[in-house]
Structure formats: structure tokens, C-alpha cells
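> predicted model and sequence below, questions to follow.
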Amino acid sequence: MKNILYTIAGFVLLQSCTGNKQTKELKLEGKIERDQIAVTTKIPGKIQKINVEVGQNVHKGDTLVILELPEVTAKSIQAEGALASAQAQYDMAVKGATDGQMKQLHAKVNGLKEQFDFAQKSLDRMNNLLKDSLISQQKYDEIYAKYQGAKNQYLAAEAELADVQHGARIEQQKMALGQKERALGAVDEVNVAAKERYIIAPQDMSIENINLQVGELALAGYSLISGYLNDATFFRVTIPESKIKVFDKGEQKTLIIPYLENKELQATVESIKPLSSYANISTAYPDFEEQESLFEVHLKPINVQESKELLTKASFIVKQN
């Protein structure tokens, strides 16, 4: 009698274990995932203000953090001063002389023109007197020398006025223009750096971690804030190769969300790839033989808007047909 009871109990226990195993085999669980993003800074600075909190949803273009950049302010003043100096140098090279200098040069040219005209008249008179032998050759040569001197002074003044009216040499103008453009580049560089004090959300995202607090120093390239992309929800399930026939790429599957009172969602199988690390297993109770390879299945929600409200890392179940 005792042997019969032991046999019945063993049979019931075996049936129970077999039933549980079959239930597990039929229950394909996975995790709700989202692509992650890290927001960094290009320029080192102190955290001046944090505008977000952990768990908050933000939109693309929202200001997450404001940095304090005193060095950029100092460089901005230097760049503006260099630009003003370069602009003045360029204007002077193009314009040539000031209005006062132009008036002086015009007066100089007019005065030398009067002297030249007088010398020309004197030379004409001396030339007639020389023909009539009323003056000596020596006297004529003296008048002629004065005439040539007046003429050369007048021509030199005219050339000086022409140079001033046309500005400096073209080489000097190009050099001044180059200095001006260099100063403009420095100003633009400072303006770009000044904008980096505002850390902007690159995409719609939910804040997961805030890695620094107000007053702390943020180094270039350091991750200030990390989070999940709201529009990048996907479903991940781990399966052994014996179950791979359940999924076909492009196939539509029904997913059950337990924490939403078994709400059903539709998703499409996007990819099936070998799982390289056992640490990446997403199924809570994986059931596979030791010699079996594991595969990771990615499913994309058909209704993206509906999937935005799902909790990251929450579980789901693949509904079996």
C-alpha cells in the first residue's frame, strides 16, 4: 500500500513539474526598452542652473542646464576690441586721408600751381628778351631753373593728392582687410562659445540621471545629463534557438503589458540576432538547454504614440496564437 502511495505522489509531482515547464515554455517574456542618450558640454564651466528634474519629459530645444563661463566673457571683450581696431585700420587704408588732410593737400597743390604759372610766365618773358639779346644767357638759365623747380614741386603735390584720393596701396588695403576678417572670425568664435553655456536637449527625451549639481565643474565632453529617447521605444525578448521559429522578421505580434492590466499592443519583428552575452538576457525565467544558442528579438511598436507612455524596463509577454 505504501509503495502505491509513493508511486501516485511521484506521478502527480512529475505531472506538476512537466505542466509548469510547458507553461514556462509557452510564456515568452521580454523588457520594454528605449535608446539612451547622453548630453555633454563642449566647453568646461561651472554649473550655474539646472532646469530639469529626474523623470521629467523634455522636448527638443529645451534648455536643460546653464553654465557659467567667465573666460568666454573676457575673450569676448578682447575680440570686440581687436575688431574695432582692425576696422579702423581698414577704413584708413581705403579712405586714405582725413578731411582736414585733404584740405591741406588741395591748398598745397593750388599754391604750387600759382608758383608754377608765375614761373611759366617769367620764363616766356625771359625767352623773348634773350632773343633780342636784352639779357644774358646766365640770367635766362637762372629763370629756367626756377621754372623747372616750380614745375616739379607742382607735379609732386598732384601725385601726392592722387595717392591720397585713391587710398593706400592695394597691398596695404588687402593686409588691412585680412586683419579685419581675422578679427571677425575671433568674434564669431567667441559668440559660438557663448552659446555653449546653454545645454540644449537634442531630442525629445525623459531625464534618467543628472550627474552634476549647481556649483560643480563640468569638463569638456563630460556627460551632464542622460536619459531615454521618447520616440525610440522598442521591445526586446530573449529566446533559445528551439523557439526561433515563433518569430519571423516583419511579422506582426501582439504584446501583453501586465502592469497596464494586460493591455495589448501591436508590434512588428524588426530584427533577430545572436546574443553575445548572457548578461543581456531579458527573459525573467529563461528556459533553454545548455547547448542551445540564444537569440535576441527586437520588436518595434506599430503605434509609436501609444508606446511613448510605457515605462522603460517594464515587462511584457508575447501573446501566443
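Sure thing, it's come through.

> what about E309, which SS state?
Three-state assignment for E309 (DSSP: H, G, I helix; E, B strand; the rest coil): coil.

> what's the separation between it and N303?
Distance, E309 to N303, using Cβ to Cβ, to the nearest Å: 11 Å. All C-beta atoms are positioned from the backbone trio N, CA, C, and that covers glycine.

> residues in contact with I207?
By Cβ atoms under 8 Å, 6 or more residues apart in numbering, the contact list for I207 reads V52, E53, V54, G55, Q56, N57, V58, L64, I225, G227.

> same thing but 6 Å
Shown in contact with I207 (Cβ atoms under 6 Å, 6 or more residues apart in numbering): V52, V54, Q56, G227.

> for those, give me a markdown table that also has secondary structure.
A markdown table is the format used below for the contacts of I207 (three-state DSSP):
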| residue | secondary structure |
| --- | --- |
| V52 | coil |
| V54 | coil |
| Q56 | coil |
| G227 | strand |
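
> so what are the domain limits for this structure?
26-66+208-318, 74-192 (automatic domain parsing).

> and those, which one's lowest on average pLDDT?
Per-stretch mean pLDDT for the domains of the chain is lowest at domain 74-192 (a mean of 75).

> any idea how far that domain is from the middle of the chain?
The chain centroid and the centroid of domain 74-192 are separated by 49 Å under Cα atoms, centre = their mean, to the nearest Å.

> if we can go back for a sec, any shared contact partners between E309 and N303?
Jointly contacting E309 and N303 under the rule Cβ under 6 Å, 6+ apart is no residue at all.

> quick one: the strands in the stretch 101-250 of the chain, in order.
Assignment of strands within the stretch 101-250 of the chain using DSSP state E, counting those that start in this stretch yields the ranges 198-200, 205-210, 217-218, 223-240.

> what pairs with the third one, parallel or antiparallel?
Which is strand 217-218. The strands beside strand 217-218 in its sheet (DSSP bridges) come out as strand 45-50 (antiparallel).

> returning to what we had before: tell me the most buried of the strands of the stretch 101-250 of the chain?
Most buried of the strands of the stretch 101-250 of the chain, by mean neighbour count (mean count of other Cβ atoms under 10 Å): strand 223-240, with a mean of 20.

> direction included, what does it pair up with?
According to DSSP bridges, strand 223-240 forms sheet pairs with strand 28-40 (antiparallel), strand 205-210 (antiparallel), strand 294-301 (antiparallel).

> contact partners for the residue nearest to Q203 when sequence neighbours are not counted?
Nearest non-adjacent residue to Q203, counting by Cβ to Cβ, 6 or more residues apart in numbering: K60, 5.2 Å away. For K60, the contact set (Cβ under 6 Å, 6+ apart) comprises A201, Q203, D204.
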